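1. coordinates for the following, if possible.
(2 chains)
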Amino acid sequence: MDNSIKKLIKDSLWKGCEKLERVGISLSSLPPIFISQPKRREWGDLSTNLPFLLQKKSGEDISKIGNLLVSQLESEGFLSRVKFVSPGFINFFIAPSYLNQTIKKIIVQKEKFTQFSFGDKKRVQVEFVSANPTGPLHVGHGRAAALGDSLANILSKVGYEVKREYYINDAGGQIKRLALSVWVRLQEIEGIHVPLPDDGYKGLYLIDIAKEAKDTLGEKLRQEKNEQKLINLLGKFTVEYILKEIKRDLDEFGVRFDRWFRESSLYRNDEIPQVVSFIKDKGYIYEKDGALWFKTSSFFKNEEDRVLKRKNGEYTYFASDAAYHQNKFSRGLHQVIDIWGADHIGYVPRMKAVVQALGYPKDSLRVIIYQFVNLKRGEKSISASTREGEFISLRDVIKEVGSDVARFFFLSRTGDSHLEFDLDLAKKQSPENPVFYVQYAYARICSILRKATLEGIIVDNLEEVKLDLLITPEERELMKELALLPDQIKEAAQSLEPHRLTVCLQEIASSFHQFYTRHRVISEDKDLTFARLILIKAVKIVIKDTLGLLGISAPERM
RNA sequence: GCGCCUGUAGUUCAGUGGAUAGAAUGUCGGCCCCCGGAGCCGAAGGUCGCAGGUUCGAAUCCUGCCAGGCGCGCCA
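-> Here you go, the predicted model:
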């Protein structure tokens, strides 16, 4: 499936450019063609700045080359008008017949209308959230969850074979600290006061876990005299407990992972020493001060070399992450996408360097960095540090504003923006929240369709519906937006930017509301009624489909 | 000090090197009957952080500066 109108136009321009050569305009090579939506209605439905680029290439006068190109274009059925305009654009007007066909396509193809095959079933993995199992998820993780899940939906929509993965850091020093903190709480329950270490986890949720550990492990805990083993036992229990909570939260947020990958499994399978020796054989590792260093600097200037294996013989987190990525690629993935918080920004070059050292192409790993969420309640800022304790969890946020609102909010900004999440505002605005605006359009359509069905107005032959009766500006605008949606989804996939779709949804909803307030769907005019019913049915399909990509529900009643 | 991200309307944010920079929210004003008024229409609101540069053309690219965020460990 490929319902890209931009592609049709590009192909046409391409052919036109080839003909230009025959007319004596020499172009050494064709510039990349960009099709965009102009800001003003009179500039057409789509436009290109190609004449500017051709002028640069050929040295010809811009209006000469622009007009010449337009004259060389074959008349295409999907366009009603093509026009060169000063200072150097070509404006395209989509033919009404094409829009009519689009509506029928949507009715027939349903959610396949926005599907593409250009991903070619290539295997892509999106790894996201991957929060340490040391405490509940906070809002920042919510942002990552929304981003990753939606991106995975979009990529699979355009033809990739997508897997969602969560990496669990269940090894290393932090788990020991966590276990120790639980042990301290356990002592408290027994009435023994032990001070919490400075680097311990202060969160009160550990008290519940300590109680739970006491109830569940009971005898085992008492019998275990070996301190090391006791801590291990406690650590394991705590990790599993927190993990269960994390899974539940994500489940409520509508996020399911295909695989939960444990760091500890890398240790068990000796994958870390293997990857280290592999990189060593390639010549990217040297020894200094008793430690093994990875030559980040041979891939990135201005980057310092990093330790993989410490003087004391232990591997660093970096080493296990190298092994983890080796593991990922060994599964035959074409593209690995990691979604990390801004606090890992400095980590990107060295990870990309490792991927190259392992022999994979530079771009086979793409890292999306999202900036932190500043959670607020009115003017008051709320900190979100797991170790410090006092914070509002993702679960609290969802409970307070709802999953749909939270998702839409996270997804209406680029990952690059430092976003402010004001709980008071999110709640206060919620009746007029953009997500409700979109959902309301959907519910309205459902309501009209219910009424039509009740009145026995049923379209039984799509081919006989006279869509050319839909001639008002509101109807044409709505149809145009639907026709452009496949391209928008494709572009969201290519740029890895789900937030583009929230913009599209608001525009479609707005166009629908405008149409609705000016025109009646169900009227005395049977033919017009049929046509409009088909139109809104198409809008319904598209809204539900796109909301689905964002992981947001489409309620039939509100 | 160095690296990355951000700075656009009162506020929160969109914006593909292109044409007169957009939306939501807030403020002010308007919407007869009618399929859902959680809607629609209109108005006001901008030195696109500042200063240079590249270009036919810059919110967008480059340099410097200012402000905020995040990093800069043989922690994870």
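2. pull the CA atoms of the helix or strand where A:P51 lies into CSV?
-> Secondary structure from DSSP states H and E places A:P51 in helix A:50-58. As requested, the backbone C-alpha atoms of helix A:50-58 are provided in CSV (Å, rounded to 0.1, in the frame of the first residue of the first chain):
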residue,chain,number,x,y,z
LEU,A,50,12.2,23.1,-7.3
PRO,A,51,12.6,26.0,-9.7
PHE,A,52,15.0,27.7,-7.2
LEU,A,53,17.1,24.6,-7.1
LEU,A,54,17.0,24.2,-10.9
GLN,A,55,18.0,27.8,-11.4
LYS,A,56,21.1,27.2,-9.3
LYS,A,57,22.0,24.1,-11.2
SER,A,58,21.4,25.4,-14.7
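3. residues in contact with that helix?
-> Contact with helix A:50-58 is made by A:13, A:17, A:20, A:25-29, A:31, A:33-34, A:60-63, A:65-66, A:69, A:84, A:88-90, as judged by Cβ atoms under 8 Å, 6 or more residues apart in numbering. In short, each C-beta sits where N, CA and C put it, glycine included.
4. any of the residues you listed buried? List them.
-> Buried members of the contacts of helix A:50-58, scored by 16 or more other Cβ atoms under 10 Å, are A:13, A:17, A:20, A:25, A:27, A:33, A:60, A:62, A:65-66, A:69, A:84, A:88-90.
5. and RNA strand B, which of these reach it?
-> A:88-89 (Cβ under 7 Å from any atom of the strand).
6. by pLDDT, give me the weakest of the buried ones among the contacts of helix A:50-58.
-> The lowest pLDDT within the buried ones among the contacts of helix A:50-58 belongs to A:L27, with 73.
7. host element of that one?
-> Counting by DSSP H and E, A:L27 is found in no helix or strand.
8. OK, contacts around it?
-> A:17, A:20-21, A:54, A:57-58.
9. can you name the residues of the stretch 301-450 of chain A that neighbour RNA strand B?
-> For the stretch 301-450 of chain A, the residues in contact with RNA strand B (Cβ under 7 Å from any atom of the strand) are A:302, A:304, A:306-307, A:310-312, A:314, A:316-318, A:342-347, A:369, A:371-372, A:412-414, A:416-420, A:429, A:431-432, A:434, A:436-437, A:440, A:443-444, A:446-448.
10. okay, now A:K236: neighbour count?
-> Residues near A:K236, counting by other Cβ atoms under 10 Å, number 15.
11. check the gap between it and A:A213 for me.
-> From A:K236 across to A:A213, the span is 10 Å (Cβ to Cβ, to the nearest Å).
12. check A:P349 too.
-> 41 Å.
13. among those two, which residue is more densely surrounded?
-> Each of A:P349 and A:A213 has its neighbours counted (other Cβ under 10 Å); A:A213 has more, 24 against 19.
14. with adjacent residues omitted, what lies nearest to that one?
-> Nearest residue to A:A213, sequence neighbours excluded (Cβ to Cβ, 6 or more residues apart in numbering): A:F237, at 5.2 Å.
15. check contacts around the residue in the stretch 151-300 of chain A that RNA strand B sits nearest to.
-> Residue nearest to RNA strand B within the stretch 151-300 of chain A: A:D289 (2.9 Å; Cβ to the nearest atom of the strand). Residues near A:D289 by Cβ under 8 Å, 6+ apart: A:K311.
16. what's the separation between it and A:S297?
-> Distance, A:D289 to A:S297, using Cβ to Cβ: 17 Å.
17. what of A:G254?
-> Between A:G254 and A:S297 the computed distance is 43 Å (Cβ to Cβ).
18. over to A:I9?
-> For A:I9, the distance to A:S297 - Cβ to Cβ - is 46 Å.
19. likewise A:D120?
-> Separation of A:D120 from A:S297 (Cβ to Cβ) stands at 36 Å.
20. which of these two has more neighbours?
-> The residue with more neighbours, out of A:D120 and A:S297, is A:S297; 17 against 11, by other Cβ under 10 Å.
21. contacts only, for that one.
-> Each residue near A:S297 by Cβ under 8 Å, 6+ apart is listed here: A:303-305.
22. got a markdown table for those, with distance to A:V182, pLDDT and secondary structure too?
-> Output for the contacts of A:S297, formatted as a markdown table (distance: Cβ to Cβ, whole Å; pLDDT from 0 to 100; DSSP: H, G, I helix; E, B strand; the rest coil):
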| residue | distance to A:V182 | pLDDT | secondary structure |
| --- | --- | --- | --- |
| A:E303 | 38 | 89 | coil |
| A:E304 | 36 | 91 | coil |
| A:D305 | 37 | 95 | coil |
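23. could I get those residues as TSV with neighbour count?
-> Formatted as TSV, the contacts of A:S297 follow (neighbours: other Cβ atoms under 10 Å):
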residue	neighbour count
A:E303	16
A:E304	10
A:D305	17
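24. closest to RNA strand B out of the residues you listed?
-> A:E304 (6.8 Å).
25. was I right to think the closest one contacts A:T296?
-> Yes. If you go by Cβ atoms under 8 Å, A:E304 and A:T296 touch, sitting 6.5 Å apart.
26. A:Q72: neighbour count?
-> 18.
27. pLDDT wise, what is it at?
-> 89.
28. same check on the one 4 residues further on?
-> A:E76 carries a pLDDT score of 87 in this model.
29. tell me how far it lies from RNA strand B.
-> Distance, A:E76 to RNA strand B, by Cβ to the nearest atom of the strand, to the nearest Å: 18 Å.
30. all strands of the stretch 251-400 of chain A, in order?
-> Under the criterion DSSP state E, counting those that start in this stretch, strands of the stretch 251-400 of chain A are mapped to A:259-262, A:285-288, A:291-294, A:306-309, A:335-341, A:365-370, A:373-377, A:380-382.
31. could you export those strands as JSON lines, including mean pLDDT, mean neighbour count and distance to A:L155?
-> Shown next, in JSON lines, are these (pLDDT from 0 to 100; neighbours: other Cβ atoms under 10 Å; distance: least, Cβ to Cβ, whole Å):
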{"stretch": "strand A:259-262", "mean pLDDT": "97", "mean neighbour count": "16", "distance to A:L155": "16"}
{"stretch": "strand A:285-288", "mean pLDDT": "95", "mean neighbour count": "13", "distance to A:L155": "34"}
{"stretch": "strand A:291-294", "mean pLDDT": "97", "mean neighbour count": "20", "distance to A:L155": "30"}
{"stretch": "strand A:306-309", "mean pLDDT": "96", "mean neighbour count": "20", "distance to A:L155": "31"}
{"stretch": "strand A:335-341", "mean pLDDT": "97", "mean neighbour count": "21", "distance to A:L155": "8"}
{"stretch": "strand A:365-370", "mean pLDDT": "96", "mean neighbour count": "18", "distance to A:L155": "11"}
{"stretch": "strand A:373-377", "mean pLDDT": "88", "mean neighbour count": "19", "distance to A:L155": "24"}
{"stretch": "strand A:380-382", "mean pLDDT": "78", "mean neighbour count": "12", "distance to A:L155": "33"}
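32. okay, those strands in TSV with distance to A:L186 next?
-> Listed next are the strands of the stretch 251-400 of chain A as TSV, based on distance: least, Cβ to Cβ, whole Å:
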stretch	distance to A:L186
strand A:259-262	25
strand A:285-288	42
strand A:291-294	36
strand A:306-309	34
strand A:335-341	31
strand A:365-370	36
strand A:373-377	31
strand A:380-382	29
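33. next, A:E420: secondary structure please.
-> Secondary structure assignment for A:E420 (DSSP: H, G, I helix; E, B strand; the rest coil): strand.
34. swap in the one 4 residues further on?
-> Using three-state DSSP, the secondary structure recorded for A:D424 is helix.
35. who's in contact with it?
-> Taking Cβ under 8 Å, 6+ apart as the test, what A:D424 contacts is A:376-378.
36. okay then, goodbye and thanks.
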